[in-house]
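Enquirer: attaching a predicted model along with its sequence, questions to come.
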Amino acid sequence: MRIRGTGQAREWGAAHPRAVDAGLALLVQAAVTMPFVVPRPPELEPATWEAYGLTTLTVLPLVWRRRAPMAVLLAVIAASALYRLAVEGPGQPLPYQGLVCVHTVAALGTARQRAVAAALLVVAVPVSVWLNTRSARELTFSLFVFGAAYVFGRLTDARQRAQVVEAERAAARERARIAREMHDILSHAVSLMIVQAEAGPVAVRRAPERAEAAFEAISATGRDAMDQLRRMLGVLREEDPGGGRSPQPDLAELPALLDRVRAGGLAVRYETSGEVAGLPAPLAATAYRIAQEALTNTVRHARARTATVRIDRSATHLTVLVTDDGRGPRPAVRSAGHGLAGIRERAAAHGGTATAAAGPGGTGFEVRAELPVPSPAEVGP
């Protein structure tokens, strides 16, 4: 809960930077007010409202620290110098305003602004110590705290840059995932529709009942592709929460996929071993997509008459094996398109492997994917 609350606070702060800066200024104002409310020794001059007003003047610029970090630093230095020279007010245990400004310039400023800020501090810190105590101890401490503020500012900048890079990488991964889904859906559907449409004219002349079945298969394939695309795009829309829907199929839908492939004229045998139901949804969807893409390649390239899809589940692995009796691997097929590369990427995303090679005895083509099955403890409740 604490981690979740911290993340929510950061999101709120990123969405309301002015409110954060105003709150920070109020916090600093509360800190610099303490010496004015604590009783002073009798030998010292009492704190005045004029001194307190100048103290507030050194804090007020912090409200604009993000919009003009260098200008705010100069304003704070000027107001602090005026306070030191013009009034006899209480000192502060820490230069809160200056530390905030140095951290901001280090985190948000340009390289030139950081260099100017460093030069100013090299001059301002010794002068301030000379006007105050002329103590080497204070000088060392002041240089240390300002140096620490600068270092933490640079670390903040590095962390923010890393977050931007990671967000860009995450967006690229998501685009690649969506591209694979679109490729699998459209490539499979269009390939089946082309095969069935090409067979249609011949069937119309020789076997009208087969032509009718081919047209029905084309219609069913198109409707299924549209339904999958609609589900995917519905989940992607921000204004559509989607409830419990998911664009991802699972192995329970694999028999329907094989029926559509059979309608195109390819005889497909489906075999399973082990309990293939109840797999984690991402793993089941990956297995489905691998089988779909392998069959798509068979329909498009293999000139096969039969194919076999076999799903084997053991305690630790799920094996997806798709074989056909077609003409086997060809260099042009291995190097073209995104199908086999997409299969390997899907398998690798789950920590598995995928291979594509000639079938048993050098006949046909074989696609094999080995996917690790997570334990119940890894899946969670």
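Expert: Nice, I can see it. Numbers count the residues shown, from 1 in each chain.

Enquirer: hey, where'd the strands end up in the stretch 201-350 of the chain?
Expert: Secondary structure of the stretch 201-350 of the chain, counting by DSSP state E, counting those that start in this stretch: strands at 267-273, 306-313, 317-324.

Enquirer: hmm, who's touching the last one?
Expert: Pointing back at strand 317-324 there. 276, 279, 283, 287, 290-291, 294-295, 298, 302, 304, 306-313, 352, 359-360, 364-373 (C-beta atoms under 8 Å, 6 or more residues apart in numbering). Quick note: C-beta positions are derived from backbone N, CA and C, even for glycine.

Enquirer: now, of these, which are buried?
Expert: Buried subset of the contacts of strand 317-324 (neighbour count, 16 or more other C-beta atoms under 10 Å): 276, 279, 283, 287, 290-291, 294-295, 298, 302, 304, 307-311, 313, 352, 359, 364-371, 373.

Enquirer: okay, and which of those residues map to helices?
Expert: 283, 287, 290, 291, 294, 295 (DSSP state H).

Enquirer: out of those, which comes closest to residue 47?
Expert: residue 283 (69.4 Å; C-beta to C-beta).

Enquirer: which pLDDT value goes with that closest one?
Expert: Per-residue pLDDT puts residue 283 at 89.

Enquirer: what about the stretch 1-150 of the chain, any weak spots by pLDDT?
Expert: Scanning the stretch 1-150 of the chain for pLDDT under 70 picks out the ranges 1-7, 43-45.

Enquirer: which parts of it are helices?
Expert: 2-15, 17-37, 49-59, 69-86, 96-108, 111-132, 136-206 (DSSP state H, counting those that start in this stretch).

Enquirer: which one, of those helices, ends up nearest to residue 220?
Expert: Set against residue 220 and scored by C-beta to C-beta, the helices of the stretch 1-150 of the chain come closest in helix 136-206, at 9.5 Å.

Enquirer: and the angle for the closest one with helix 96-108?
Expert: 30 degrees (axes from the mean of the first three to the mean of the last three C-alpha atoms, to 10 degrees).

Enquirer: now the angle between helix 111-132 and helix 136-206, please.
Expert: Using the same axes, to 10 degrees: helix 136-206 against helix 111-132 is 160 degrees.

Enquirer: elements contacting helix 136-206?
Expert: For helix 136-206, the packing partners by 3 or more C-beta pairs under 8 Å, 6 or more residues apart in numbering; DSSP states H and E come out as helix 96-108, helix 111-132, helix 208-236, helix 254-263, helix 281-297, helix 339-349.

Enquirer: without its sequence neighbours, what residue ends up closest to residue 75?
Expert: Leaving aside its chain neighbours, residue 75 sits nearest to residue 61 (4.2 Å; criterion: C-beta to C-beta, 6 or more residues apart in numbering).

Enquirer: quick one: residues contacting that neighbour.
Expert: Residue 61 touches 71, 72, 75, 76, 79, 97, counting by C-beta under 8 Å, 6+ apart.

Enquirer: now it: how far from residue 348?
Expert: 53 Å (C-beta to C-beta, to the nearest Å).

Enquirer: check residue 135 too.
Expert: Applying C-beta to C-beta, the value for residue 135 to residue 348 is 62 Å.

Enquirer: what pLDDT is listed against the residue nearest to residue 294 when sequence neighbours are not counted?
Expert: Leaving aside its sequence neighbours, residue 294 sits nearest to residue 322 (C-beta to C-beta, 6+ apart; 3.7 Å). Residue 322 is assigned 94 on the pLDDT scale.

Enquirer: tally up the residues packed near residue 322, please.
Expert: 26 (other C-beta atoms under 10 Å).

Enquirer: what do you get for residue 107?
Expert: By other C-beta under 10 Å, 22 other residues sit near residue 107.

Enquirer: that one and residue 149 touch, don't they?
Expert: No - using C-beta atoms under 8 Å, residue 107 makes no contact with residue 149, being 9.9 Å away.

Enquirer: for the stretch 201-350 of the chain, give me the ranges with low pLDDT.
Expert: Checking the stretch 201-350 of the chain against pLDDT under 70 turns up 202-214, 231-247, 330-339.
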